[in-house]
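Asks: Sequence plus predicted model, see below.
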Amino acid sequence: MPAHPHDAPPIQLSVDSDCPTDVVNALFLDRFSTGEQPHARGVTLDRVRSAATLLPADARLLRAVREEHRAATLAEGDGWTLLVSRWKRGADVTVTATSAELATKVLDEATDGAADEQEPRPDNVGMGFWYASPTRGPHRTTRQITAGSWEEVRPNYTRPVADAMDRLMKTTPEDISGRLLLLHGPPGTGKTSALRTLARSWRDWCQVDCVLDPERLFADVGYLMDIAIGEEDEDGNDRWRLLLLEDCDELIRGEAKQAAGQALSRLLNLTDGLLGQGRNVLVAVTTNEDLERLHPAVVRPGRCLARIEVGPLTRAEAVDWLGREDGIGREGATLAELYALRRGTSPTALPEPRGNADAGLYL
């Protein structure tokens, strides 16, 4: 065994693929593994200007790979090595160096002005998206999404739902009692659309993050801890966060304890157990299940900040929304059905709409 990291022999890596990018990634680790450059700094940029090189001015190019969906660049300078891994819009930039100060300096120079910031618009709101990456582990990316104001969206909901949403949209941190927000009801009634509008209404004090793989979240303790701990804002404050979990029927229905193991327990622990203590975290869950089929621990008094059943519009409300009667049954219509009728598409033939800007994500 060598007595000092600087005395360590170069590492030996086996690359079991013919991908040049894997070779570049392996070469990047050499000086860090031997201790020649023991300090590393890195950053992920969700959106990068197409003209940005992500290289300092004095960088010497060592390797460059361009593939269909990704690229990798390996460069060096005096006392440092830099790896740039790019994909369609974003990039990972990592620097190793002989000192922490040098690593930070090179990283700042490489990324200065590289981020491609979207022009802010009044109807845009920033939303985070969490997922477990096979190569990077728990990862968060951000996007600007379009969200209508509550005044614009309110007619999409039947009167009892709109009245309940009125109170929710006006909620402030001082009003928070329970930590769980539950929206349940049939598909196509506007649950997701309401949460997008809620993100806009709360954007001054709360960051909304959508978890794309909730089943993985509550099965992986490390993933859950990364999300629960969160990050401070630019002023060092622990900002409120709302974690959005969509279509979690299996997680919160009555037999969830037997079917999902510890998943339900961890969800409840995040909302009002030890895991959630001292963290400004709210959890919003959407489900198509009837309230009677949900686990009693989920809907017990005091746990929910709001528990809203989102149903179809009545016939009179649907006729008023659409401006005509044809196509609307005696039981009324869901928001998805009304948008289908407005477009001249048969509601029975229409697949579940997702992400349509006109429809407003009305699931």
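Replies: Done, it's in.

Asks: With adjacent residues omitted, what lies nearest to G185?
Replies: V310 (3.9 Å; Cβ to Cβ, 6 or more residues apart in numbering). All C-beta spots, glycine's among them, are computed from the backbone N, C-alpha and C.

Asks: What ranges does the protein have for its helices?
Replies: Assigned by DSSP state H, the chain shows helices spanning 20-28, 30-34, 100-111, 150-153, 159-169, 191-201, 214-217, 221-229, 249-252, 256-259, 263-272, 296-299, 315-322, 335-343.

Asks: In CSV, list the C-alpha atoms belonging to the fourth one.
Replies: This means helix 150-153. Taking Å, rounded to 0.1, in the frame of the first residue of the first chain, the C-alpha atoms of helix 150-153 are listed here in CSV:
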residue,chain,number,x,y,z
TRP,A,150,-56.8,31.6,-10.8
GLU,A,151,-59.2,34.1,-12.2
GLU,A,152,-58.8,32.6,-15.6
VAL,A,153,-58.9,29.0,-14.5
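
Asks: Please name every helix or strand in contact with that helix.
Replies: Helices and strands touching helix 150-153, by 3 or more Cβ pairs under 8 Å, 6 or more residues apart in numbering; DSSP states H and E, are helix 159-169, helix 191-201.

Asks: So what's the gap between it and the chain middle?
Replies: On the basis of Cα atoms, centre = their mean, to the nearest Å, helix 150-153 is displaced by 24 Å from the centre of the chain it belongs to.

Asks: For it, buried residues please.
Replies: Residues 150, 153 are the ones in helix 150-153 that count as buried (16 or more other Cβ atoms under 10 Å).

Asks: Residues touching it, excluding its own?
Replies: For helix 150-153, contacts defined as Cβ atoms under 8 Å, 6 or more residues apart in numbering pick out 165-166, 169, 193-194, 197, 201, 360.

Asks: Among the residues you listed, name the buried ones.
Replies: 165, 169, 193-194, 197, 201, 360.

Asks: So which of those residues is the closest to P214?
Replies: A194 (18.4 Å; Cβ to Cβ).

Asks: For the closest one, which non-adjacent residue is closest in space?
Replies: Leaving aside its sequence neighbours, A194 sits nearest to M165 (Cβ to Cβ, 6+ apart; 6.2 Å).

Asks: quick one: the one you found from F32, how far?
Replies: From M165 across to F32, the span is 52 Å (Cβ to Cβ, to the nearest Å).

Asks: quick one: low-confidence ranges for the stretch 151-300 of the chain?
Replies: Along the stretch 151-300 of the chain, the model assigns pLDDT under 70 to residues 230-238, 249-261, 273-278, 291-293, 295.

Asks: mind redoing it with 90?
Replies: Applying pLDDT under 90 to the stretch 151-300 of the chain flags residues 176-180, 182, 184-185, 213-239, 245-281, 285-300.

Asks: hang on, isn't T197 packed against T146?
Replies: No. Judged on Cβ atoms under 8 Å, T197 makes no contact with T146 at a distance of 10.5 Å.

Asks: Looks like P214 contacts L245 (just checking).
Replies: Yes. With contact defined as Cβ under 8 Å, P214 reaches L245; the gap is 4.3 Å.
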